[in-house]
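> mind folding the following:
(chains A and B)
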There are 2 protein chains.
Amino acid sequence: MTDDDLSRPPLHENTRSGPRAAIVGAGLSGSLLALFLARRGFRVEVYEHRDDPRLSKDEGDGRSINLGLSARGIRALRRAGLLEELWPHTVPMRGRMIHSPSGELTFQPYGTADHEILYSIRRGVLNALLIEHAEALGGVAFFYGLRCVDLDADTGTLTLSDTISGETRRVEADLVVGADGAFSAVRRLMQRGRSADLHQEFLEWGYKELTIPPAPDGGPRTPIEALHLWPADRALIVAHPNTDNSLTCTLFLPHEGGSSFASLGSGAEAERFFRSRFPDALRLIPDLAEEFEANPVGRLVSVRTSAWHAGERVVLVGDACHAVYPFYGQGMNASFEDCLVLDECLARHPADRGAALREYQDLRRPHTDVLAELSKENFLELRDGLRSPVRLLRARADLTLNRIFPRGWQPLYTMISHTSMPYGEALHRARRQNALLGAAAAALSAGAALGAAAAVRRLRRRTGASARRTG
Amino acid sequence: MTDDDLSRPPLHENTRSGPRAAIVGAGLSGSLLALFLARRGFRVEVYEHRDDPRLSKDEGDGRSINLGLSARGIRALRRAGLLEELWPHTVPMRGRMIHSPSGELTFQPYGTADHEILYSIRRGVLNALLIEHAEALGGVAFFYGLRCVDLDADTGTLTLSDTISGETRRVEADLVVGADGAFSAVRRLMQRGRSADLHQEFLEWGYKELTIPPAPDGGPRTPIEALHLWPADRALIVAHPNTDNSLTCTLFLPHEGGSSFASLGSGAEAERFFRSRFPDALRLIPDLAEEFEANPVGRLVSVRTSAWHAGERVVLVGDACHAVYPFYGQGMNASFEDCLVLDECLARHPADRGAALREYQDLRRPHTDVLAELSKENFLELRDGLRSPVRLLRARADLTLNRIFPRGWQPLYTMISHTSMPYGEALHRARRQNALLGAAAAALSAGAALGAAAAVRRLRRRTGASARRTG
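Reported below is the predicted structural model:
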């Protein structure tokens, strides 16, 4: 992390006179933003329709995809001042460990530099930490079991409904934040009657959580400091390590068709399926049949939208404005980056919140749109080509060039995961590099062609006389 | 129209025992479908949240884009048996009449065959005719001022709210149809909690209705049997003729920026703008300033979605499942084609409505997705290239080839507008034709290159001796 030389924002006194912020959603982006806004002098209230995540932080709900914290997320958390406390809860992932059906392991490091690694962390643990830190600041209050049911975007008036009693209450705020996820109620209510673009797409694949427990001696059953991948024909397992030497697996399968979540009706059928596609993983997941039957099938949704804000009173962060498929490991990292950028924009325009929200959208949206594309492409690559020789060759060439020109040549994955270069810039630079490679290859073949032409000329010169002789 | 050799469906008795259909929306597709379903034996009720369109059919609401009826729409209306009554209300449009700023007119015929023309008709007149015909059948009842506020897609139960009293009532039906337009409530309620894809996009341009009245002598002010176009820099006017020799104009402009709906604040400013961009049109629209100030700015939305149906009880038609930008003139025609195809699918699966709805979606959606793309491309073409020499040359080449090979070669526009070949097939065929043209051009240039090479060889042979002599 060499790009984080910005100083922390000043810690304001949370007076009773600060502007009021109402955040809908106490998930990762909502609770991190609460922290930033409180430090910026806002009086913050956060409304969450579920229970306090701290009540179940170590268990999860059987449908979480573990998180891989990378440069962008780390930068935001450092700015928020809670990186030190986080480290003990993370496991470094130094690269991808690819499992073949025969149990053979291939390790692909994430990068050539020491800091180019990811950190695995449980969603529940991270969320609890964020909420505790925000609450400790003062000036931040979290409320659970309250659902957002209406919004007046012009006045910043939220209507909240108690999920148990059904009673409603109104809340007015200077700034309303929709941090309520891919199916954001704030987004829908804010965009009502406006010219809003919305692209919502479900992947034809879903996912299910499974567990690799620690070995009986408490150690890991497979090398722990890596992101594990089991690529297969129309199936994929990804596993993130946990601090207790267990790994949380996510099985990705098509929803419909042969060997899909629809066709595998029982734990026994899942075991048969694993025996043929993932014999190596079957050995590591002792409770496969039970877990397969007990855990729900999650759906994967991608959302792009515009506008991200309405006037000067309502704004969206995280999945509410850019849900992406999880295959680039950037969902949380991009959401944390939103919070950081929004905080910086608010700092730059202390007297004009409308300008701040506009600038935030202008700075972020083009790049999260690129991330959405990259995340989908990575799904296709994981699905079709992870083991293809061409892909491996390209990845190796990328890393080799990076080793030779550590600053001048960076693989796209490195720029996305290990820097905080805006996503669009990273893609642009990767394309330039590819064009350069293409031009080099063309020059090589042109050189070869010229060489061939010269050879032909030499040949002709030699044979020309005989041709004339016989002609 | 040679492709319409199917016989009409039998006219059922509308008994009290037939299945019940509840159609939300009494617009063009809702009222045509009511007619088809009644003939198929359904007891039909149609719920519309606006007033009876017959109360204002000759006035319009100052924001309609007139309709160009083409082959697909004509085919559906013929099947419904109301083409004969329609003709007196239409004006044939035999091609595009392009107006240059200097007032020069260029006529581009729509096709080479006599039937390759469009028919201009007012939306209100057509809608009234459809409703009257449906009501006359018996077994169809229309209700106005009722808004759909809830839907149970599993049981086919609609909740309707009276727009004046606010009272709600419930209606159960065997088949619920969402014919309620681009912002369909039925679509939203039907897709709630399901994995639904939705792509909603607003164009950065909007539109405003203006009028070219008849000349003082009652005749037309400009040749009447054509679709009129005024292309300009970041501005476009389209005008459809009416039976009273007036023309209904649609002015398309960017919403924002220089010379936009936002920047033209008054009728006087609009006049100044017309004087520089559309001097020829200014002459034809005497009430420009008043109309510009009085008429609202319409927004243009494109919607693609999936699924189009939920189980066997709910289905979407028309803009509710595929709103397109109006630049290919196919919105209404495609919606009418939906009604025809849905009717045919219901006929093919009398005992399995779920299979009928699935087949309807499978038959239609790939093609309306193509139409959405084509409609957007046509906007870009109208905006950027209508007067470009390359485009004119290509259009002329297309028509010439069509004249030489009337069956073998059909311009894309001809296939979309003058046949009922599925949209996707039309695009596929156009691409094959383009590839053929490309290959022919390549062969021509290769031939030229070979010729050149032969010439060089001949030249060399002649100069070779002298080269050797001098060498």
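> now the residue in the stretch 201-350 of chain A that chain B sits nearest to, which residues is it bridged with?
Nearest to chain B, among the residues of the stretch 201-350 of chain A, is A:F202, at 3.9 Å (CB to the nearest CB). Just so you know, the C-beta spots here come from the backbone N, C-alpha and C atoms, and that holds for glycine as well. A:F202 forms beta bridges with A:V301, as assigned by DSSP bridges.
> what's the domain layout of chain A?
A:20-374, A:389-466 (the TED database).
> gap between the two ends of the first one?
One end of domain A:20-374 to the other measures 37 Å (CA to CA, to the nearest Å).
> quick check: mean pLDDT across that domain?
For domain A:20-374, the mean per-residue pLDDT is 94.
> residue numbers of chain A in contact with chain B?
Chain A has residues A:S195, A:A196, A:D197, A:L198, A:H199, A:Q200, A:E201, A:F202, A:H255, A:R299, A:V301 near chain B, with proximity defined as CB under 8 Å from any CB of the partner chain.
> tell me how many other residues crowd the second one.
A total of 19 residues lie near A:A196 under the criterion other CB atoms under 10 Å in any protein chain shown.
> my read: it touches A:H309, true?
No: between A:A196 and A:H309 there is no contact under CB atoms under 8 Å: 11.3 Å.
> which neighbours do the two have in common?
Here A:A196 and A:H309 share no contacting residue, scored by CB atoms under 8 Å, 6 or more residues apart in numbering or on different chains.
> angle of the helix or strand in which A:L210 is found against strand B:197-212?
When elements are defined using DSSP states H and E, A:L210 is found to belong to strand A:197-212. Orientation check (axes from the mean of the first three to the mean of the last three CA atoms, to 10 degrees): strand A:197-212 against strand B:197-212 gives 180 degrees.
> most packed of the domains of chain A?
Across these, averaging neighbours per residue (mean count of other CB atoms under 10 Å in any protein chain shown) puts domain A:20-374 on top, at a mean of 19.
> chain center to that domain, what's the gap?
7 Å (CA atoms, centre = their mean, to the nearest Å).
> please enumerate the strands of the stretch 251-400 of chain A.
Remark: strands assigned in the stretch 251-400 of chain A by DSSP state E, counting those that start in this stretch are A:298-306, A:309-310, A:314-316.
> nearest to A:S120, out of the ones you listed?
A:S120 lies closest to strand A:298-306 among those, at 18.6 Å (CB to CB).
> check contacts around the closest residue to chain B within the stretch 51-200 of chain A.
Here the residue of the stretch 51-200 of chain A nearest chain B is A:S195; by CB to the nearest CB that distance is 4.0 Å. Residues counted as contacts of A:S195 (CB under 8 Å, 6+ apart) are B:F202, B:H255, B:R299, B:V301.
> skip the chain neighbours and tell me the closest residue to the second one.
Nearest-residue entry for B:H255: B:G206, 5.0 Å, with adjacent residues in sequence omitted and distances by CB to CB, 6 or more residues apart in numbering or on different chains.
> got it, and A:H349?
A:A356 (4.0 Å).
> how near is the one you found to A:R20?
16 Å (CB to CB, to the nearest Å).
> with A:H367 instead?
30 Å.
> one more: A:W205?
Distance, A:W205 to A:R20, using CB to CB: 42 Å.
> partner strands of the helix or strand harbouring A:Y119, with direction?
Using DSSP H and E, A:Y119 sits in strand A:118-121. Strand pairing for strand A:118-121, using DSSP bridges, gives strand A:67-69 (antiparallel), strand A:91-93 (antiparallel).
> picking that back up, phi and psi next, for the residue of the stretch 51-200 of chain A closest to chain B.
phi -80, psi 80 (degrees, to the nearest 10).
> now A:F261
Phi and psi for A:F261, reported as degrees, to the nearest 10, are phi -60, psi -30.
> not counting sequence-adjacent ones, nearest residue to it?
A:V297 (4.8 Å).
> cool, A:S306 as well?
A:D197 (4.6 Å).
> can I assume the one you found is in contact with B:L198?
No: A:D197 is not in contact with B:L198 according to CB under 8 Å; the separation is 10.8 Å.
> show the contacting residues for the nearest residue to A:N378 once chain neighbours are set aside.
Among residues not flanking A:N378 along the chain, A:F327 sits closest, at 4.1 Å (CB to CB, 6+ apart). Contact analysis of A:F327 by CB under 8 Å, 6+ apart lists A:S375, A:K376, A:N378, A:F379, A:L382.
> what residues are up against A:R429?
Contacts of A:R429 (CB under 8 Å, 6+ apart): A:Q410, A:M415, A:M421.
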